[in-house]
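J.: Take a look and give me a structure for this.
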Amino acid sequence: MPAVTVHGLAQAEAALAAAGPRGVLLLSGRGAAGHAGPGWFLALVALAAERHPGVPHAAALDCADAGGAALAALRAGARILVLDRACPAFPAIAAAAAEAGALLLAERPPSLDLAGFDARRRRDMAALRAWLATEAPQAWPKPPSP
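T.: Numbers count the residues shown, from 1 in each chain. Here you go, the predicted structure:
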């Protein structure tokens with residue numbers, strides 16, 4: 001499942017629309033847990049998924065190095081988090097994530113960043129489709145079941 005960094009609903013919908021049966025990991029922008037909040041990202045993913053039913057997907061919320069934001073994201077129901085390993089609270093957050101059945105990543109997976117993406121531009125859609133069709137292995141673990 002390839003990863004795509006999304007910054008808004010239109011990007012998440014475009015990623016789901018182009019994903020096909022392989023699916024897509026919807027990855028938030030760096031530090032989104034701290035500046036946009038987990039509720040915003042989880043709602044964005046839920047709405048995009050509702051508009052594109054049946055498309056395999058997972059959502060990963062980036063917490064940068066903010067342990068408090070990671071804990072808030074776990075409480076809000078996020079099941080895949082990215083937290084910089086340099087965060088002093090990383091071991092405690094890892095334990096909390098494991099207890100909650102969530103996956104904690106120490107670095108962002110490779111992704112296509114959709115900042116500036118416009119689904120009306122053919123080259124943008126072509127780049128998204130090409131990324132999603134990439135056969136090369138992408139280094140991130142399988143997400144946990146909800």
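
J.: who's in contact with Leu132?
T.: Contacts here follow C-beta atoms under 8 Å, 6 or more residues apart in numbering; on that basis Leu132 touches Pro2, Val4, Ala15, Ala18, Ala19, Gly20, Arg22, Val24. For glycine as for every other residue, the C-beta is placed from the backbone atoms N, C-alpha and C.

J.: filter those to the buried ones?
T.: Burial of the contacts of Leu132 was assessed by neighbour count (16 or more other C-beta atoms under 10 Å); the buried members are Pro2, Val4, Ala15, Ala18, Ala19, Val24.

J.: Show me which pair in those residues is furthest apart.
T.: Farthest apart among the buried ones among the contacts of Leu132 by C-beta to C-beta are Pro2 and Ala18. That separation is 10.4 Å.

J.: ok, now how distant is Ala77 from Ser111?
T.: Rather than Ala, residue 77 is Gly. Using C-beta to C-beta, to the nearest Å, Gly77 is found at 22 Å from Ser111.

J.: quick one: low-confidence ranges for this structure?
T.: 135-146 (pLDDT under 70).

J.: Inside strands: which ones of the buried ones among the contacts of Leu132?
T.: Filtering those for membership in strands, criterion DSSP state E, returns Val4, Val24.

J.: Good, wrapping up.
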